[in-house]
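Q: curious how this folds, go ahead:
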Amino acid sequence: MAKKISILFLLAIVLYLGACGEKKSPGAPVQSTAGQYFDVVGFVEAQTTLLKKEKPGAVKTVLENQKTTESKKVQNLDWEKELENFRELDINKPAFRNAYASTQQQDPATGNTTIMYRKKPGYDGTVQYLSVTTNASGQVLGVRGLQESENILLKSRRELKLQCHTKNGTARVISYTIQGFQKPIIFNALYYTIFTKIG
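A: Here you go, the predicted model:
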């Protein structure tokens, strides 16, 4: 019973952090700034559509404070909810115009290219960096990002990683990880990892 409560508490935390990612100003436009940075939202929506069509199963593993609390195979996942946290890595918003500096590196052995977007000093936003790796054909192989936030009640940090495999010219997510911690002002820090491997 205690294990179930702990897992539910952890999942509530992750959903809470997702909901509290980037606060929208009243009246602020919600559309993305087309083309300035990698389109995380468009990528997640395309992956959601693909997964809904294919309906694969997955193995989900949850760890708290480096101890496995649950690992099970699941079917009929709600892919919009599953990938929602990655939408929070969206830096293509009007408020973040010119807020991130980008660097690009190519692996001469594979032809893969990694673009790293790092937040410049003096800008608001929880996304500290966004990294996207693509193959020579421009298909996404991986997405990584780091979010950090702190207020008088809670300090939190989470790193998100997503890996894709390309088949017949189309990239499809095969696994993703959310790893981080949260430290409420009056409780001990909780370290967690949620790993999902798609079948």
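Q: tell me which element the residue nearest the centre of the chain falls in.
A: The residue lying closest to the centre of the chain (Cα atoms, centre = their mean) is F86, at 3.1 Å. Using DSSP states H and E, F86 sits within helix 84-87.
Q: summarise which helices and strands that helix is packed against.
A: helix 2-19, helix 40-54, strand 154-167 (3 or more Cβ pairs under 8 Å, 6 or more residues apart in numbering; DSSP states H and E). Quick note: C-beta positions are derived from backbone N, CA and C, even for glycine.
Q: can you list the low-confidence ranges for this protein?
A: Residues of the chain that meet the criterion pLDDT under 70 lie in 1-35.
Q: so which residues of it form strands?
A: Secondary structure of the chain (DSSP state E): strands located at 58-64, 67-74, 100-106, 113-119, 127-134, 140-150, 154-167, 170-184, 190-198.
Q: direction included, what does the last one pair against?
A: I take that to be strand 190-198. strand 58-64 (antiparallel), strand 170-184 (antiparallel) (DSSP bridges).
Q: TSV for those, including mean neighbour count and distance to N151?
A: TSV is the format used below for those (neighbours: other Cβ atoms under 10 Å; distance: least, Cβ to Cβ, whole Å):
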stretch	mean neighbour count	distance to N151
strand 58-64	17	23
strand 170-184	18	11
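Q: can I get those in CSV including distance to Q106?
A: As requested, the strands paired with strand 190-198 are exported to CSV (distance: least, Cβ to Cβ, whole Å):
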stretch, distance to Q106
strand 58-64, 32
strand 170-184, 18
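Q: one step back: what distance do you get for the residue nearest to the centre of the chain to Q106?
A: 24 Å (Cβ to Cβ, to the nearest Å).
Q: and if you look at K73?
A: Applying Cβ to Cβ to K73 and Q106 gives a distance of 38 Å.
Q: for L50, same thing?
A: From L50 to Q106 the distance is 27 Å (Cβ to Cβ).
Q: then S71?
A: Relative to Q106, and taking Cβ to Cβ, S71 is found at 37 Å.
Q: again with R144
A: 17 Å.
Q: and these two? Which one has more around it.
A: In terms of neighbours (other Cβ atoms under 10 Å), R144 is the more surrounded of R144 and Q106; the figures are 18 against 11.
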